[in-house]
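S.K.: here's a sequence, model it:
(one chain, ligands or ions: 1)
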Amino acid sequence: VSLATSIAGVSLSSCLYNASGPLCTTAEELDAIGNSEAGAILSKSATLEKRAGNPEPRYFETPWGSINSMGLPNEGFQYYLDYASRAEAFAKPYIMSISGLSHQDNVDMIKALAGQKHIAAIELNLSCPNVPGKPQTGYDFEQSRALLQRVFEHVSLPLGVKLPPYFDLPHFDMMAAVLNDYPLAFVTCVNSIGNGLVIDPESESVVIKPKSGFGGIGGDFIKPTALANVRKFYTLLNKDIAIIGCGGVKSGLDAFEHILCGASAVQIGTQFMREGTTCFSRIARELGEIMQQKGYADITSFQGKLRSLD
Ligand SMILES: C=Cc1c(C(=O)O)[nH]c(=O)[nH]c1=O
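M.R.: Sure thing, here's the model as predicted:
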């Protein structure tokens, strides 16, 4: 069986790779992904300038997932641009995530990426829930349109967007109406569910310091929401916009479910943070075994073929 897939002409040896965020902030962390069975290397969302992020503790795991309010800590745009030539050593695409603090910052970063031959694609983050005072662009349809309008005046590399999870059906239609107006290579569904709260009943306290303990939720907690977002956008978006699944993937079966809902590739975040790079080879092996048992030779044999009950 083959787990290979291609997104906007970018070929991935495996449809499984890391979600932006966990363990992809430093060159050493990015190298570890390059040396793993991940099908691509995706960097931590970059801002123009280096950021320390929010005070710690800012990440916490429970048996059912994670909560984080990292606050966009990253080495700064130039660092991830410079890393691109180092990524060449790994026979897999290097994708840069950007999350500018303003539309202008996003446009400036995208202009600087023009013609960069070692960067396979850009993942524009519309959904960071943890920059105090900054609403998530993805929940403001006019702002999303305004930003994409400016982005597509300057972008030359394949570009996709990282979306927040949506919960109200009209919101899917409203966001799809925006996204279908632009030549996006992909959309990644979903980012963490923003502003959840995990508490410790023993100490009667929150578990992370920033934002009075509020943070983005990932892991098992969010898989049904992630699958719904993958499925909905798969049915609503132009077929040349690939859907990348993200949320609650910790096994081959979880990855299989995302692909069945319509995902062309699957990102792993919380489980990667927990397990390290072995998660890519383990989940790929498990997915391959499931495909073998079901008689599917490749991803496209079952991609999007979720049955309804009517
Ligand atoms: C880029 C910032 C993000 C962060 C963060 O750096 O706090 N956490 C998330 O769960 N999602 C994000 O998109």
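
S.K.: when you work out contacts or count neighbours from here on, use the C-alpha atoms and nothing else.
M.R.: OK.

S.K.: if I look at Cys264, how far off is the ligand?
M.R.: Rather than Cys, residue 264 is Ser. Using Cα to the nearest ligand atom, to the nearest Å, we find Ser264 at a distance of 21 Å from the ligand.

S.K.: so that residue makes contact with Ser301?
M.R.: No: using Cα atoms under 8 Å, Ser264 makes no contact with Ser301, being 11.4 Å away.

S.K.: who has more neighbours out of these two?
M.R.: Ranked by neighbour count (other Cα atoms under 10 Å), Ser264 and Ser301 place Ser264 first, with 25 against 12.

S.K.: backbone dihedrals for that one, please?
M.R.: Dihedral pair for Ser264: phi -90, psi -20, per degrees, to the nearest 10.

S.K.: ok, now which ones touch it?
M.R.: Ser264 is in contact with Thr5, Ser6, Ile7, Cys15, Ala242, Ile243, Ile244, Gly245, Ile299, Gln303, counting by Cα atoms under 8 Å, 6 or more residues apart in numbering.

S.K.: try it again at 6 Å.
M.R.: Contacts for Ser264 (Cα atoms under 6 Å, 6 or more residues apart in numbering) come out as Ile243, Ile244.

S.K.: can you list the residues of the stretch 101-250 of the chain near the ligand?
M.R.: Within the stretch 101-250 of the chain, the residues that sit near the ligand (Cα under 6 Å from any ligand atom) are Ser127, Cys128, Pro129, Asn130, Asn191, Ser192, Gly216.

S.K.: among those residues, which pair sits farthest apart?
M.R.: Spatially, the most separated pair among these is Asn130 and Asn191, at 11.6 Å (Cα to Cα).

S.K.: ok, back up a step: mind listing which of the residues of the stretch 101-250 of the chain next to the ligand are in strands?
M.R.: If you go by DSSP state E, those have Gly216 in strands.

S.K.: quick one: which of the residues of the stretch 101-250 of the chain next to the ligand has the most company?
M.R.: With neighbours taken as other Cα under 10 Å, the top of these is Ser192, carrying 30 neighbours.

S.K.: my guess is it meets Asp220, correct?
M.R.: No: judged on Cα atoms under 6 Å, Ser192 makes no contact with Asp220 at a distance of 11.3 Å.

S.K.: tell me what the longest helix belonging to the chain is packed against?
M.R.: Ranked by residue count, the top helix of the chain under DSSP state H comes out as helix 278-294. Applying 3 or more Cα pairs under 6 Å, 6 or more residues apart in numbering; DSSP states H and E, one finds that helix 278-294 contacts helix 252-261.

S.K.: buried residues of the helix it packs on, list them for me.
M.R.: Gly252, Leu253, Asp254, Ala255, Phe256, Glu257, His258, Ile259, Leu260, Cys261 (16 or more other Cα atoms under 10 Å).

S.K.: and the helices in the stretch 1-150 of the chain?
M.R.: Here the stretch 1-150 of the chain has its helices, by DSSP state H, counting those that start in this stretch, at 27-34, 77-87, 103-112, 141-151.
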